[in-house]
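1. Just need the structure, nothing else, for what follows:
(chains A and B)
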Amino acid sequence: MAETEEEETASAEASGFSDLSDSELVECLDLEDAKVSAVSLSKPGPSSELPGKDDKSLQNWKRRLDVLSPMERFHLKYLYVTDLCSQNWCELQMVYGKELPGSLTPEKAAVLDTGASIHLAKELELHDLVTVPITTKEDAWAVKFLNILSMIPTLQSEGRIREFPVFGEVEGVFLVGVIDELHYTSKGELELAELKTRRRPVLPVSAQKKKDYLQISLYKYIFDAMVQGKVTPASLIHHTKLCLDKPLGPSVLRHARQGGVSVKSLGDLMELVFLSLTLSDLPAIDTLKLEYIHQETATILGTEIVAFEEKEVKSKVQHYVAYWMGHRDPQGVDVEEAWKCRTCDYVDICEWKRGSGVLSSSWEPKAKKLK
DNA sequence: ATTGCTGAAGGG
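-> Residues are numbered from 1 along each chain as shown, chains lettered A, B, ... in the order given. Below is the predicted model:
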């Protein structure tokens, strides 16, 4: 389907700041007032501050003042693994990122783009990419499932795959992510390898490493659960609200047939994936490896084998999930990590007030344009 | 829309 010039312009704008609808704007502003307002509504106070006087808009107003959990407020049914990782870096920054999408500085975006194309180049070393047009989220998940169905045998026969999709419940929240690389080592162990490209030719500071540990630990946690049959089709459907009876798009069906998979419905496909995951003799991930390379020169800056600490991962996730479920307010960084604010795009709107003893004058406030 | 929805990761 062809797009007109006008439509393309409109969709480009929609990816930026101006994308906020009226209701979303209200929701943002309500962040701090929500609880107070909810209380004041219970008494028949002066209605002059309410917009409109008829029942309908009053009800609307009330609904918006309801204390919604962040999952509800952002209309999320699941989270990305990298959401929790951003949360690990700075929870408030992550929240601002959700509220004001597309506000990265061009400099940062360029570094991310470089990283993304290095990853893409590595992926293309292993396989070709095929574009499959999709129209529904059911189509999107179907393509993900078809990828899994083709990748599992490839891993078992050739010993290496990249960009393996993972999904599953962790501490009450459903997580979706993509494992950078899985391969068997010479010892026959299944190793997860995560490549991190860096702008400067130096190893990351420990805060960055911790975030990367969390990322690959979550991947292992979810992957292991998948191959152990703990991620069931029922759980997947429950969290994603996929419609099994919605017919798959023609391009998806054609792609499936070309890949030798004869399925008619999404339900069929999910059952096949479940069987393939659990009956292909896939082991749990044995080792977690992080590799840091310099973007410009591809110099290896360092390689780390990370120990999987299940209890630590779980308790971290519990803490993060408490925010998403609305059990606690979001937090900014501790004073010791205030250096992170120096490169934060939201530094000039951030309301995180340092606790004891740090004056805002020592913060060299740096005006940054949000775009 | 009196309403709905998601490529994930990309680096600091």
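
2. Low-confidence ranges, the stretch 151-300 of chain A, go.
-> Within the stretch 151-300 of chain A, no range satisfies pLDDT under 70.

3. Mind checking what helix or strand follows the helix or strand encompassing residue A:183 in sequence?
-> Per DSSP states H and E: residue A:183 is located in strand A:173-184. Remark: after strand A:173-184, the chain's next helix or strand is strand A:190-198, criterion DSSP H and E.

4. that older thread, check which helices and strands the strand holding residue A:183 sits against.
-> Strand A:173-184 is packed against strand A:79-80, helix A:81-89, helix A:137-158, strand A:160-170, strand A:190-198, helix A:206-227, helix A:233-240, helix A:310-324, with contacts defined by 3 or more CB pairs under 8 Å, 6 or more residues apart in numbering; DSSP states H and E. In this view, the C-beta of every residue, glycine as well, is placed from N, C-alpha and C.

5. any idea of the pLDDT on the residue in the stretch 251-371 of chain A positioned nearest to DNA strand B?
-> Using CB to the nearest atom of the strand, the single residue of the stretch 251-371 of chain A nearest to DNA strand B is residue A:343, 5.0 Å away. Note on residue A:343: pLDDT of 94.

6. what sits against it?
-> Under the criterion of CB atoms under 8 Å, 6 or more residues apart in numbering, residue A:343 has no neighbours.

7. The strand holding residue A:183 close to DNA strand B?
-> Yes: Strand A:173-184 is in contact with DNA strand B by CB under 7 Å from any atom of the strand, via A:176-178, A:180.

8. again with stretch A:299-310
-> No: contact of stretch A:299-310 with DNA strand B (CB under 7 Å from any atom of the strand) is absent, the minimum separation being 9.7 Å.

9. one step back: next, format the helices and strands packed on strand A:173-184 as JSON lines and append mean neighbour count.
-> As requested, the helices and strands packed on strand A:173-184 are exported to JSON lines (neighbours: other CB atoms under 10 Å):
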{"stretch": "strand A:79-80", "mean neighbour count": "17"}
{"stretch": "helix A:81-89", "mean neighbour count": "21"}
{"stretch": "helix A:137-158", "mean neighbour count": "18"}
{"stretch": "strand A:160-170", "mean neighbour count": "20"}
{"stretch": "strand A:190-198", "mean neighbour count": "19"}
{"stretch": "helix A:206-227", "mean neighbour count": "20"}
{"stretch": "helix A:233-240", "mean neighbour count": "15"}
{"stretch": "helix A:310-324", "mean neighbour count": "16"}
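
10. Now the ones you listed in TSV, please, with extra columns for distance to residue A:349.
-> As requested, the helices and strands packed on strand A:173-184 are exported to TSV (distance: least, CB to CB, whole Å):
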stretch	distance to residue A:349
strand A:79-80	23
helix A:81-89	17
helix A:137-158	32
strand A:160-170	31
strand A:190-198	28
helix A:206-227	22
helix A:233-240	32
helix A:310-324	19
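
11. rewinding a little: return the set of buried residues in the strand holding residue A:183.
-> A:173-184 (16 or more other CB atoms under 10 Å).

12. Out of those residues, give me the two with the largest separation.
-> The span of the buried residues of strand A:173-184, defined through CB to CB, is set by A:173 and A:184 at 30.8 Å.

13. got the residues of the stretch 251-371 of chain A near DNA strand B?
-> A:340, A:343-344.

14. same thing but at 10 Å, please
-> A:292-295, A:301, A:333, A:339-346 (CB under 10 Å from any atom of the strand).

15. and which of those residues is nearest to residue A:105?
-> Looking at those and their distance to residue A:105, the nearest is residue A:345, at 6.0 Å (CB to CB).

16. Please look at that closest one and residue A:109 and confirm they touch.
-> No: if you go by CB atoms under 8 Å, residue A:345 and residue A:109 don't touch, sitting 10.4 Å apart.

17. between these two, which one's more packed in?
-> Applying other CB atoms under 10 Å to residue A:345 and residue A:109 shows that residue A:345 carries more neighbours, namely 19 against 12.

18. how about that one, secondary structure?
-> coil (DSSP: H, G, I helix; E, B strand; the rest coil).

19. likewise residue A:293?
-> strand.

20. cool, and the one 10 residues further on?
-> For residue A:303, the secondary-structure state derived from three-state DSSP is strand.

21. ok, now which ones touch it?
-> So residue A:303 contacts A:289-292 (CB under 8 Å, 6+ apart).

22. Out of the buried residues of strand A:173-184, which comes closest to DNA strand B?
-> Using CB to the nearest atom of the strand as the measure, the one of these that approaches DNA strand B most closely is residue A:177, at 2.7 Å.

23. just to revisit the earlier point, relative to residue A:116, which of the helices and strands packed on strand A:173-184 is closest?
-> strand A:190-198 (9.1 Å).

24. same for that closest one, what does it pack against?
-> helix A:106-126, strand A:173-184, helix A:206-227, strand A:287-294.

25. Nearest to residue A:68 among these would be which one?
-> In terms of CB to CB, the element of the helices and strands packed on strand A:190-198 nearest to residue A:68 is strand A:173-184, at 16.0 Å.

26. That closest one pairs with which strands?
-> Partners of strand A:173-184 in the sheet, by DSSP bridges, are strand A:79-80 (parallel), strand A:160-170 (antiparallel), strand A:190-198 (antiparallel).

27. how about JSON lines for the ones you listed, with distance to residue A:71 added?
-> Formatted as JSON lines, the strands paired with strand A:173-184 follow (distance: least, CB to CB, whole Å):
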{"stretch": "strand A:79-80", "distance to residue A:71": "8"}
{"stretch": "strand A:160-170", "distance to residue A:71": "14"}
{"stretch": "strand A:190-198", "distance to residue A:71": "27"}
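
28. For residue A:247, find the nearest of those strands.
-> The closest of the strands paired with strand A:173-184 to residue A:247 is strand A:160-170. By CB to CB, the value is 22.3 Å.
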